[in-house]
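Participant: how does the following fold in three dimensions:
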Amino acid sequence: MLRQRSAVTLAAFCLLLPLLFPVSGQAQDDKSDTYRQLKLFGDVFERVRADYVEQVTDQQLIEAAIRGMLADLDPHSSYLNADSFQDMQVQTKGEFGGLGIEVTMEDGLVKVVSPIDDTPAFRAGVQAGDFITHLDGEAVMGMTLAEAVERMRGPISSDLTVTIRRQDEEPFDLTITRDVIRIQSVRSRVEDNIGYLRITTFNEQTSPGVKQAMETIKQQLGADLRGYVLDLRNNPGGLLDEAIAVSDAFLNQGEIVSTRGRISEDTQRFNAREGDLAEGLPLVLLINGGSASASEIVAGALQDHHRAIIMGTKSFGKGSVQTIIPLTGHGAMRLTTARYYTPSGRSIQAKGIEPDIMVEQARLESLDNGPERREADLRGALENSGASDEVPGQTNEAAGEEPLEQRDYQLARALDLLRGLAFFNERVVN
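Facilitator: Now for the predicted structure:
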């Protein structure tokens with residue numbers, strides 16, 4: 001009798017809830033639709049678990065569902081299982097095991113965004129824009145990106161045969177010996193009286209590496225130093241904090257980048273602190289179609305502040321921010337949470353950074369092969385919602401000009417420009 005009375009009381013309370021806490025019909029409809037969709041998911045889950053031709057675990061099905069949900073949002077959101085999450089943490093520290101290529105998934109195949117300098121893949125001849133169709137004879141089609149990456153990694157000194165499809169060529173095999181990939185993200189040297197810095201990726205070692213490289217160049221050249229070339233070609237990006245730190249190294253003040261998510265109150269702005277490591281000397285920044293994400297943050301900031309002349313070809317156009325969200329005991333999710341904007345308010349998502357001076361790489365020495373693919377070409381790429389499409393005007397190099405350095409035409413042009421600026425400045429001072 002007590003149970004029956006309690007049940008009647010509970011039913012009466014439930015009937016009063018809509019009166020005490022009114023809920024709009026739209027909200028009720030949305031909630032009901034969500035429940036229907038979750039029921040659909042549960043029905044499919046149970047049918048697959050019961051009737052699929054081979055036995056699969058609940059964990060496999062749930063992880064596959066999560067991967068599919070995130071991968072369908074945009075090309076950069078993804079699920080990382082515990083092993084992948086650990087690998088990602090190792091990579092951001094600047095050391096990991098594998099072949100040495102930055103990859104994405106496109107049309108069901110692994111696409112090489114960029115080979116990392118001085119790695120097994122780089123030495124074997126893997127090039128930006130290559131498609132990997134098979135791994136040790138097994139088709140990549142049907143694998144997730146995480147699965148393909150996991151298969152490309154393995155014991156040190158072990159071999160992996162990758163099948164490459166490059167433009168209109170017949171597919172061919174490359175056998176690559178795995179090694180520990182230690183990324184020296186900053187390399188530097190002196191070209192006459194000009195300092196040259198190449199940044200291959202943005203990891204935790206990048207901003208300290210830039211400072212050390214510039215100190216070394218200053219010690220070598222002293223008062224003869226006339227300017228710097230900052231080479232971000234084929235740099236696929238990395239840590240946002242490091243991109244901000246590298247930009248700050250060349251700026252005295254002003255905004256570097258802002259990030260804006262779905263909620264306007266979550267907008268973040270990052271500003272430069274006083275102190276230009278280059279002490280105002282001229283700076284040329286090289287980019288191409290393989291320059292993405294963090295590279296574009298640096299290029300956009302230095303371009304908008306007129307601190308550097310941007311030279312090369314249009315960048316990749318990845319203007320979105322991914323947040324790594326740990327999932328307790330289950331790895332993490334990489335979720336696109338914001339777009340970033342240059343100081344002038346430009347969103348470069350699917351548009352890229354247009355160089356101030358357009359210089360194509362000489363055909364025989366081209367760093368990129370075939371038509372360049374960019375963010376806008378990726379399936380499911382976010383649309384650009386920028387406030388302004390205005391970019392500084394661009395200048396074309398004179399047609400038919402002979403290269404000064406056969407190995408790198410774009411770098412030769414950058415050095416010529418800096419020498420010209422140094423000569424002009426000396427004449428003005430005198």
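Participant: pLDDT below threshold where in the protein?
Facilitator: 1-27, 95-96, 363-374, 376-380, 383-405, 426-430 (pLDDT under 70).
Participant: help me confirm that residue 137 comes into contact with residue 161.
Facilitator: Yes: using Cβ atoms under 8 Å, residue 137 makes contact with residue 161 at a distance of 7.0 Å. (C-beta placed from N, C-alpha, C; glycine too.)
Participant: now the end-to-end length of stretch 270-281.
Facilitator: End-to-end distance of stretch 270-281 (Cα to Cα, to the nearest Å): 24 Å.
Participant: just the buried residues of that stretch, please?
Facilitator: Buried positions in stretch 270-281, judged by neighbour count with 16 or more other Cβ atoms under 10 Å: 270, 272, 276-278, 281.
Participant: from those residues, which two are the most distant?
Facilitator: Taking every pair in the buried residues of stretch 270-281 and measuring Cβ to Cβ, the maximum separation is 23.9 Å, between 270 and 281.
Participant: which is the next helix or strand following the helix or strand residue 221 falls within?
Facilitator: In the assignment (DSSP states H and E), residue 221 maps to helix 206-221. Downstream of helix 206-221, the next assigned helix or strand under DSSP H and E is strand 228-231.
Participant: look up phi and psi at residue 33.
Facilitator: phi -70, psi -40 (degrees, to the nearest 10).
Participant: and it, how far from residue 76?
Facilitator: For residue 33, the distance to residue 76 (Cβ to Cβ, to the nearest Å) stands at 28 Å.
Participant: so which of those two has more stuff around it?
Facilitator: residue 76 (21 against 10; other Cβ atoms under 10 Å).
Participant: now the more buried one, what's its secondary structure?
Facilitator: Following DSSP: H, G, I helix; E, B strand; the rest coil, we place residue 76 in the coil state.
Participant: wait, is residue 45 part of a helix?
Facilitator: Yes: under three-state DSSP, residue 45 falls within a helix.
Participant: doesn't residue 61 make contact with it?
Facilitator: Yes: using Cβ under 8 Å, residue 45 makes contact with residue 61 at a distance of 6.0 Å.
Participant: list the helices and strands the helix or strand hosting residue 310 packs on?
Facilitator: Take DSSP H and E as the rule and residue 310 turns out to sit in strand 309-312. With contacts taken as 3 or more Cβ pairs under 8 Å, 6 or more residues apart in numbering; DSSP states H and E, strand 309-312 sits against strand 283-287, helix 294-304, strand 357-358, helix 409-429.
Participant: kindly export that strand (C-alpha atoms) in PDB.
Facilitator: Coordinates of each C-alpha in strand 309-312 appear next as PDB, following Å, rounded to 0.1, in the frame of the first residue of the first chain:
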ATOM      1  CA  ILE A 309      58.200  40.800 -46.500                       C
ATOM      2  CA  ILE A 310      56.300  37.500 -47.300                       C
ATOM      3  CA  MET A 311      57.800  35.800 -50.400                       C
ATOM      4  CA  GLY A 312      57.000  32.500 -52.200                       C
END
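Participant: residues contacting that strand, please?
Facilitator: 233, 282-288, 291, 299, 302-303, 353-359, 410, 413-414, 417 (Cβ atoms under 8 Å, 6 or more residues apart in numbering).
Participant: name the strands paired with it and say parallel or antiparallel.
Facilitator: Sheet pairing of strand 309-312 (DSSP bridges) gives strand 283-287 (parallel), strand 357-358 (parallel).
Participant: quick one, what contacts the spatially closest residue to residue 154 that is not a sequence neighbour?
Facilitator: Of all residues not flanking residue 154 in the chain, residue 178 sits nearest, at 5.4 Å (Cβ to Cβ, 6 or more residues apart in numbering). By Cβ under 8 Å, 6+ apart, the contact list for residue 178 reads 97-99, 120, 153-160.
Participant: could you do residue 39 as well?
Facilitator: With the criterion set at Cβ under 8 Å, 6+ apart, residue 39 makes contact with nothing.
Participant: three-state assignment of it?
Facilitator: Using three-state DSSP, the structure places residue 39 in helix.
Participant: do you know how far it is from residue 32?
Facilitator: Taking Cβ to Cβ, one finds residue 39 at 11 Å from residue 32.
Participant: residue 62: helix or strand, and which one exactly?
Facilitator: Assigned by DSSP H and E, residue 62 belongs to helix 58-71.
Participant: thought residue 411 was touching residue 233, still the case?
Facilitator: No: between residue 233 and residue 411 there is no contact under Cβ under 8 Å: 9.1 Å.
Participant: which neighbours do the two share?
Facilitator: Counting by Cβ under 8 Å, 6+ apart, the residues touching both residue 233 and residue 411 are residue 286.
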